[in-house]
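Peer 1: how would this look folded up:
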Amino acid sequence: MKKLLKNPNIITVAAIVALVTFTGCSGDTIVVDPPNVSPPPSPGYEVWAADQANSVAGQSLGRAGSYIYVWDSADIDTQVAGGLAAQPLGCDGNNVAGEGPCDLSDVFLGSFVEDAGADGVLQDQGANEDAAQGATGRTLGDSDTAIGRIHGMLVDPQNMYLNVNAFAPGAGYVGIMDARTKEAVALFRVTKSNLGRSVHMSFWSDDGNAILVANLHGRLLERIDITRDAAGNITGANFNRSASLSTQGLSVTDDATAFTGINAQGNALVSTVSGTYSDAALAAETPNGNNKVDGTGTGIDVGRPSGIIICPIMSDTDLSYITLAGGGLLIANTKNTPMDIVAEYSNNDTVGGLNGVGCGGVQVRDTVWLNAGSSAGGAGATQSIFTMYTLPNSAFDAHVTAGTVAALNTPAATLVFKDADNTSTGGNMGTFGATNDTGQIPGVTTRRDAHGMIRTNIGNYIHNADRVQNTVEVFSATGLGAMNAHVGSYDLTSADGQGNGLGACNAASVTDGGELSVNDPAPDLMGVTPDGKYLVVALRGPAPVTVTHSAQGSCPGVGVIALQNGGASGSLVAVLRTYNIVDDAAAAHVGGTDYVGAERSDPHGASARSKVSDGQGGFH
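Peer 2: Take a look at the predicted model:
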């Protein structure tokens, strides 16, 4: 392993927002242990985090490598109780604390061979001899196919695998890791369209038999079909090009590919690719005759200025709620091939649409919650947005069955919460004005940015982080429409979440920041631990790789939030601290503070998973 990243003197926590796939609700049955029988041992859990800073020197921010952090729940509990800081596990299959973090490039090897499948049509990269079918002549280590940096990971419903989303200049990758052994299982390069190619995030289907990919700059929702054995082990992963659905009219310039080869633990990858793209699914208009993006087709403009996919939030019926950069929404049936649109929304919420830019989304019973926050692009530097919406998932069942499409903004999205000082951006019709120029320095800025969202395990409450104000807004989630309501908030800077004492970020903050504000958590994506005790949230670093206008923080790592009052509030009790002094890229920010120190760690996303039984009394 390369020289690292650890600071043994800091006994606070580290790592990234964790998104968890444990979403079951408790029922009415009470199970009583038989007398004289010991309860089964708790399997415990792991928290996974993706640090998007480079794992090599000599690159600009967020270009090469990255580190994967994994912590064991027993070590996290020790740290929260005031003991030794949790140390990350290694990725050699032995799960030894202190052997991590893991270099992304040591998991997804440069020797992996790119393959276009038997029915590929087009490969356009020119650094090597390109073949459109079978092996392309490139490996992952070639400069024009290098994996780039990790952006985030999510756990499958079986708690056995994680998707790994990597962002590279002009490219984008989705990998699969075995959570038990920490080895690579599959890897894919997504489709390139005439508009570009990159991966923001991908999401598992409700049953874990598909991965839905947000091809950000390609303006495509794409699908990887998963095959499992009876025990849930993945035996095949196929990138199905025939399933791809565009969010803007486009043409394909470079087919998606799969990678083959032997991983670092001596096992073969199971990734394949097949299929041909559907012209109808790549059209510029929706089935209703509306332009997917205003001004780009022959249909009607309805208020969708951008086709850039942010997050394809998945429901329990495998509908994908595709949030878009400029606001508006497309809802797709992901079970069909190609995937198809069943509903569409504009970005005007005065007529039932949804403002942009949304990334957070969860489902509670029949209600899908979606947020709107500031743009991750340069325009977001002067935006201030914190908004929450809901939609009833079952409203689209009849359209799925009949193969029809709901009328625009039908049913209307319910507005649950909107900050009174939202800027008039992303479709918002408010009166504050188009810009908020107060930057992101704590105590100075009035900007807001709703981003990470998670539900408590029982589902009574929704927590949504504001990564500029270092607060979390809490909503009741007990009904439909207006029955859901904003019930309070807490901060991540104080000991109790209500302004008293100093929170865990203060002691975990960098000490070489010059004028950089300390105790500035900058919370990002959120998750919940399987035992329901904690929320875990990614805390950004002083040299943020992405969203540099909203995400500069002082204590990079994973924040551990202890839930209180039945899940209605919380407080930051620990920081699983992450470190990176390998990366020497120049620090960047917009509206923040010039950082003069060496820390480059910048966690963005993570997941928590229940360990699963190995059938021999152990849990991995």
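
Peer 1: and the helix or strand encompassing His399, what does it pack onto?
Peer 2: His399 is part of helix 397-402 when elements are defined by DSSP states H and E. Helix 397-402 is packed against strand 340-345, with contacts defined by 3 or more CB pairs under 8 Å, 6 or more residues apart in numbering; DSSP states H and E. C-betas here are computed from N, CA, C, even on glycine.

Peer 1: What pairs with the next helix or strand after the strand it packs on, parallel or antiparallel?
Peer 2: Next along the chain after strand 340-345, taking DSSP H and E as the criterion, comes strand 361-364. Each strand paired with strand 361-364, and its direction, by DSSP bridges: strand 367-372 (antiparallel).

Peer 1: quick one: the helices in the stretch 1-150 of the chain?
Peer 2: For the stretch 1-150 of the chain, applying DSSP state H, counting those that start in this stretch gives helices covering 73-80, 104-107.

Peer 1: right, and those - which one's nearest Gly527?
Peer 2: Among the helices of the stretch 1-150 of the chain, the nearest to Gly527 by CB to CB is helix 73-80 (13.0 Å).

Peer 1: export the closest one as PDB, just CAs?
Peer 2: Extracted in PDB, the C-alpha atoms of helix 73-80 (Å, rounded to 0.1, in the frame of the first residue of the first chain):
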ATOM      1  CA  SER A  73     -19.500  -1.400  13.600                       C
ATOM      2  CA  ALA A  74     -17.800  -2.700  16.800                       C
ATOM      3  CA  ASP A  75     -14.900  -0.300  16.200                       C
ATOM      4  CA  ILE A  76     -17.400   2.600  15.500                       C
ATOM      5  CA  ASP A  77     -19.200   1.800  18.800                       C
ATOM      6  CA  THR A  78     -15.800   1.900  20.600                       C
ATOM      7  CA  GLN A  79     -15.000   5.300  19.200                       C
ATOM      8  CA  VAL A  80     -18.400   6.700  19.900                       C
END
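
Peer 1: Pretty sure Asn436 sits against Asp421.
Peer 2: Yes. With contacts defined as CB atoms under 8 Å, Asn436 counts as touching Asp421 at a distance of 7.5 Å.

Peer 1: Find the residues that touch each one of those two.
Peer 2: Counting by CB atoms under 8 Å, 6 or more residues apart in numbering, the shared contacts of Asn436 and Asp421 are 384, 446.

Peer 1: more crowded one of the two?
Peer 2: Each of Asn436 and Asp421 has its neighbours counted (other CB atoms under 10 Å); Asn436 has more, 22 against 16.

Peer 1: Could you check which helix or strand contains that one?
Peer 2: Taking DSSP H and E as the definition, one finds Asn436 inside no helix or strand.

Peer 1: which non-adjacent residue is nearest it?
Peer 2: Distances taken as CB to CB, 6 or more residues apart in numbering place Ser384 nearest to Asn436, at 4.2 Å, with adjacent residues excluded.

Peer 1: Identify the residues contacting the one you found.
Peer 2: 374, 419, 421-423, 432, 436, 446-449, 468.

Peer 1: Now the helix holding His399: buried residues?
Peer 2: Within helix 397-402, the residues that count as buried by 16 or more other CB atoms under 10 Å are 399-400.

Peer 1: quick one: contacts of that helix?
Peer 2: When contacts are defined by CB under 8 Å, 6+ apart, helix 397-402 is touched by residues 317, 319, 333, 342-343, 404-406.

Peer 1: Try it again at 10 Å.
Peer 2: Identification of contacts with helix 397-402 by CB atoms under 10 Å, 6 or more residues apart in numbering yields 317-319, 331, 333, 335-336, 340-343, 404-406, 410.

Peer 1: Can you tell me which of the residues you listed end up in strands?
Peer 2: Per DSSP state E, strands hold the following members of the contacts of helix 397-402: 319, 331, 333, 340-343.

Peer 1: I'd say Val362 and Leu525 touch.
Peer 2: No. Assessed by CB atoms under 10 Å, Val362 is found out of contact with Leu525, at 11.7 Å.

Peer 1: So these two - more neighbours on which side?
Peer 2: A side-by-side neighbour count of Val362 and Leu525, using other CB under 10 Å, places Leu525 first with 29 against 23.

Peer 1: Now that one: phi and psi?
Peer 2: Per-residue torsions, Leu525: phi -70, psi 150 (degrees, to the nearest 10).

Peer 1: Now do the residue nearest to Arg447 when sequence neighbours are not counted against Pro556, distance only.
Peer 2: Spatial nearest neighbour of Arg447, excluding adjacent residues (CB to CB, 6+ apart): Ser384 at 4.2 Å. As judged by CB to CB, to the nearest Å, Ser384 and Pro556 stand 24 Å apart.

Peer 1: swap in Thr438?
Peer 2: 24 Å.

Peer 1: Then Ala395?
Peer 2: Note on Ala395: its distance to Pro556, by CB to CB, is 41 Å.

Peer 1: in stretch 335-348, what counts as buried?
Peer 2: Result for stretch 335-348 [16+ other CB under 10 Å]: buried residues 335, 337-348.

Peer 1: could those go into TSV alongside distance to Ala588 and pLDDT?
Peer 2: Output for these, formatted as TSV (distance: CB to CB, whole Å; pLDDT from 0 to 100):
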residue	distance to Ala588	pLDDT
Lys335	42	99
Thr337	42	99
Pro338	39	99
Met339	36	99
Asp340	40	99
Ile341	37	99
Val342	40	99
Ala343	39	99
Glu344	36	99
Tyr345	34	99
Ser346	34	99
Asn347	29	98
Asn348	34	98
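
Peer 1: Adding distance to Asp229, write those out as TSV.
Peer 2: As requested, the buried residues of stretch 335-348 are exported to TSV (distance: CB to CB, whole Å):
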residue	distance to Asp229
Lys335	22
Thr337	23
Pro338	28
Met339	26
Asp340	30
Ile341	34
Val342	32
Ala343	35
Glu344	38
Tyr345	39
Ser346	44
Asn347	44
Asn348	48
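
Peer 1: out of those, what pair is the most spread apart?
Peer 2: Taking CB to CB as the measure, those span a maximum distance of 32.4 Å, between Thr337 and Asn348.

Peer 1: need the contact list for the residue nearest to Ala284 when sequence neighbours are not counted.
Peer 2: Counting by CB to CB, 6+ apart, Ala284 lies nearest to Gly249, which is 2.5 Å off, once chain neighbours are set aside. The neighbours of Gly249, taking CB under 10 Å, 6+ apart as the test, are 193-195, 219, 282-285, 291-293, 296-299, 307.

Peer 1: now swap in Asp491 and tell me
Peer 2: 466, 469-472, 497-499, 503, 521, 570-572.

Peer 1: does Gly532 count as helix, strand or coil?
Peer 2: What DSSP: H, G, I helix; E, B strand; the rest coil gives for Gly532 is coil.

Peer 1: In this structure it contacts Thr456, no?
Peer 2: Yes. Judged on CB under 10 Å, Gly532 makes contact with Thr456 at a distance of 6.8 Å.

Peer 1: quick one: the strands in the stretch 101-250 of the chain?
Peer 2: Secondary structure of the stretch 101-250 of the chain (DSSP state E, counting those that start in this stretch): strands located at 102-103, 113-115, 135-139, 149-155, 161-168, 171-178, 183-189, 192-193, 199-204, 210-215, 220-228, 234-240, 245-246.

Peer 1: The last one: what's the following helix or strand?
Peer 2: Once strand 245-246 ends, the next helix or strand along the chain (criterion: DSSP H and E) is strand 252-254.

Peer 1: chain center to that next one, what's the gap?
Peer 2: When C-alpha coordinates are averaged (CA atoms, centre = their mean, to the nearest Å), strand 252-254 and its chain have centres 26 Å apart.

Peer 1: strand partners of it, parallel vs antiparallel please.
Peer 2: Counting by DSSP bridges, strand 252-254 is paired with strand 192-193 (antiparallel).

Peer 1: Identify all contacting residues around the strand it pairs with.
Peer 2: Outside strand 192-193, the residues that touch it by CB under 10 Å, 6+ apart are 122-125, 170-172, 198, 215, 217-220, 244, 246, 248-256, 277, 282.
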